[in-house]
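Visitor: below are the sequence and a predicted model for it; my questions follow.
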Amino acid sequence: MSDELTDGRIVIVGASLAGLRAAEALRDQGFTGSLTVVGDEPHPPYDRPPLSKQVLLGIAPADSTGLPMRRDPKAEWLLGVRATGLDPLGKRVLLDNGESLPYDRVLIATGTRARPWPNPQEAALDGVFTVRTREDAAGLAARLDAGPRRVLVIGGGFTGSEIASACRERGLEVTVTERGPAPLVGALGGTLSKLAAVMQRNHGVDLRTGVTVTRLLGDGSFTGVELSDGSRVDADVCVVALGAVRNVEWLAESGLAAGPRGLACDAGCRAFTMYGIVTDDVFVAGDVSRFPHPLFGYQLLSLEHWGNAVTQAEVAAHNMVSPGPLRRPHLALPTFWSTQFGLNIKSVGVPTYSDHVVIAQGSLEARRLAMVYGYRGRVTAAVTVDMAKSLDYYQHLIETAAPFPPPPGAADRAIAAEITIPSDVPDPSVLSHGPTVALTGYLPDRRLTVV
């Protein structure tokens, strides 16, 4: 490892999970130079998954979600400071306080923010919330403590479903609206989303599917919504769970391949320019990235997963201080989990990269099962419901490009090809939320003029 790579100045933009783990990994990899971490929130890095679970249930306060440090990265932390631009020629990160940070290498880990309600006046009504930050979760938890008569959740993705589950566990009346045919359909496809719909309704959720919210009502305070089917729902609290927006606007003048789907990079986490040229001093990790994966046709993946943020940050840190032949690719399989309405849902692979599914273990009726997804005769994903111990077996099938439908193994019974059914993955445009794994493909985010 050369002194040139282990010394110098590294700036990490993004003081959340990926930024912290990258800073720690850089020191573990022998980086001895100047390390600066920039974060637009005033808090040290904290864990976001508990915000829609334990915090909303009142089990833990929002300010108790700080991430533990594996080691002191001996970094300068610039918190409450927002990056406003990147100058790749001058090698500077521009800040909203008018200053700039010089760098030799920079890691972009700016993540995502909650997609707001599109009408700013309606979004400003008292009682309308999104859940992304500590302040968001603390404010919503306090409102739920006050015992609202009804909570309306817009969007039936994982965040919206977890919030609805927390509200029902508190004994609150909940209405969930989803533009698609069922909750979680964007992440899990049609078959498992039907189970999600049954579970929500069995737990007392007023689930409205195939409709959109056309207007938030209220004069100062939120009082309800009008729906596209002409109906109206009265409620005291509204939670907007319309997915995430990737924080790339600050890169608009940087010349990097940054757009609505994130910042494109190679398998080694090196960012691309807008002309598809790989950089050697700009790296990317976490939710803001989109990267190619050989198991999924080398299509660019955008993920919103805790595990991906950690593993990609560690790969990026390794490659920032390693010469070319020693660099390694980020090839970890996407994994995620969710607990809602008494169910433990875990996934590995990319369920949306599929054309057929098969129930390999258990059954929908038992509400305990393992579902395997396939694309063109190859296993590409698996989702378990209260059968998490089986997931390692299916992960091995995905990693080895095993044929679909899979052979008996972890299965409770033999699998026959004739019981495979279409995976029924919807067009994302018909959803009110995004899938947790998006195949962004090779479609450009803008037209380029070659000079």
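Guide: That came in fine, so what should we check first?
Visitor: residue contacts, Phe81?
Guide: If you look again at residue 81, you'll see it is Val, not Phe. 38-40, 95-97 (Cβ atoms under 8 Å, 6 or more residues apart in numbering). All C-beta spots, glycine's among them, are computed from the backbone N, C-alpha and C.
Visitor: name the nearest of those relative to Tyr103.
Guide: Lowest distance from Tyr103 to the contacts of Val81 (Cβ to Cβ) belongs to Val38, with 10.6 Å.
Visitor: let me see the mean pLDDT of the helix or strand harbouring Leu152.
Guide: For Leu152, the element it lies in under DSSP states H and E is strand 151-154. Per-residue pLDDT values over strand 151-154 give a mean of 98.
Visitor: who are the packing partners of it?
Guide: Contact here means 3 or more Cβ pairs under 8 Å, 6 or more residues apart in numbering; DSSP states H and E; on that basis strand 151-154 packs against helix 158-169, strand 174-178, strand 222-227, strand 237-240.
Visitor: how about that strand: buried residues?
Guide: 151-154 (16 or more other Cβ atoms under 10 Å).
Visitor: what lines up beside it in the sheet?
Guide: Strand 151-154 sits in its sheet next to strand 174-178 (parallel), strand 237-240 (parallel), going by DSSP bridges.
Visitor: other residues contacting the longest one?
Guide: Right, strand 174-178. 150-156, 160-161, 164, 167-168, 183, 185, 200, 204-213, 225, 227, 233, 235, 431-433.
Visitor: try 7 Å this time
Guide: 150-156, 160, 164, 167-168, 183, 200, 205-209, 211, 213, 227, 233, 235, 432 (Cβ atoms under 7 Å, 6 or more residues apart in numbering).
Visitor: count the residues that sit near Leu5.
Guide: Leu5 sits with 19 neighbouring residues when counted by other Cβ atoms under 10 Å.
Visitor: surely it is within a strand?
Guide: No: Leu5: not assigned to a strand; according to DSSP: H, G, I helix; E, B strand; the rest coil it is helix.
Visitor: which residue, other than its chain neighbours, is closest to it?
Guide: Val321 (4.8 Å; Cβ to Cβ, 6 or more residues apart in numbering).
Visitor: got the contact list for the lowest-mean-pLDDT helix or strand in the chain?
Guide: The weakest-scoring helix or strand in the chain, judged by mean pLDDT, DSSP states H and E, is strand 437-439 (a mean of 79). Counting by Cβ under 7 Å, 6+ apart, the neighbours of strand 437-439 from elsewhere in the structure are 261, 296, 299, 301-303, 334, 350, 352-353.
Visitor: Arg21: which of the buried residues of strand 151-154 is nearest?
Guide: Val153 (30.9 Å).
Visitor: beta partners for the closest one?
Guide: The partner residues for Val153, given DSSP bridges, come to Val176, Val239.
Visitor: surely it meets Glu162?
Guide: No: counting by Cβ atoms under 7 Å, Val153 sits too far from Glu162 to count as a contact (9.7 Å).
Visitor: so what's the residue nearest the centre of the chain up against?
Guide: Geometric centre of the chain, nearest residue: Glu304, 1.6 Å, by Cα atoms, centre = their mean. Each residue near Glu304 by Cβ under 7 Å, 6+ apart is listed here: 112, 244, 287, 436.
Visitor: now the second one: closest residue in space, sequence neighbours ignored.
Guide: With Cβ to Cβ, 6+ apart as the criterion, Ala244 has its nearest non-adjacent residue at 3.7 Å, and that residue is Thr112.
Visitor: backbone phi and psi for the one you found, please?
Guide: phi -130, psi 170 (degrees, to the nearest 10).
Visitor: tell me the contacts of it?
Guide: If you count contacts by Cβ under 7 Å, 6+ apart, Thr112 has them with 244-247, 287-288, 304.
Visitor: could you work out the most separated pair of those?
Guide: Longest span within the contacts of Thr112, Cβ to Cβ: Asn247 and Glu304, 12.4 Å.
Visitor: all the helices of the stretch 101-250 of the chain, in order from the start?
Guide: Assigned by DSSP state H, counting those that start in this stretch, the helices in the stretch 101-250 of the chain fall at 120-123, 134-145, 158-169, 185-188, 190-202.
Visitor: for the third one, output the C-alpha coordinates as PDB.
Guide: The C-alpha atoms that make up helix 158-169 are tabulated as PDB, following Å, rounded to 0.1, in the frame of the first residue of the first chain:
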ATOM      1  CA  PHE A 158     -42.400  -0.700   4.000                       C
ATOM      2  CA  THR A 159     -42.200   2.600   5.800                       C
ATOM      3  CA  GLY A 160     -45.900   3.300   5.500                       C
ATOM      4  CA  SER A 161     -46.800  -0.300   6.500                       C
ATOM      5  CA  GLU A 162     -44.500  -0.200   9.600                       C
ATOM      6  CA  ILE A 163     -46.000   3.100  10.700                       C
ATOM      7  CA  ALA A 164     -49.500   1.700  10.300                       C
ATOM      8  CA  SER A 165     -48.500  -1.300  12.300                       C
ATOM      9  CA  ALA A 166     -47.100   0.800  15.100                       C
ATOM     10  CA  CYS A 167     -50.300   2.900  15.200                       C
ATOM     11  CA  ARG A 168     -52.500  -0.300  15.400                       C
ATOM     12  CA  GLU A 169     -50.200  -1.600  18.200                       C
END
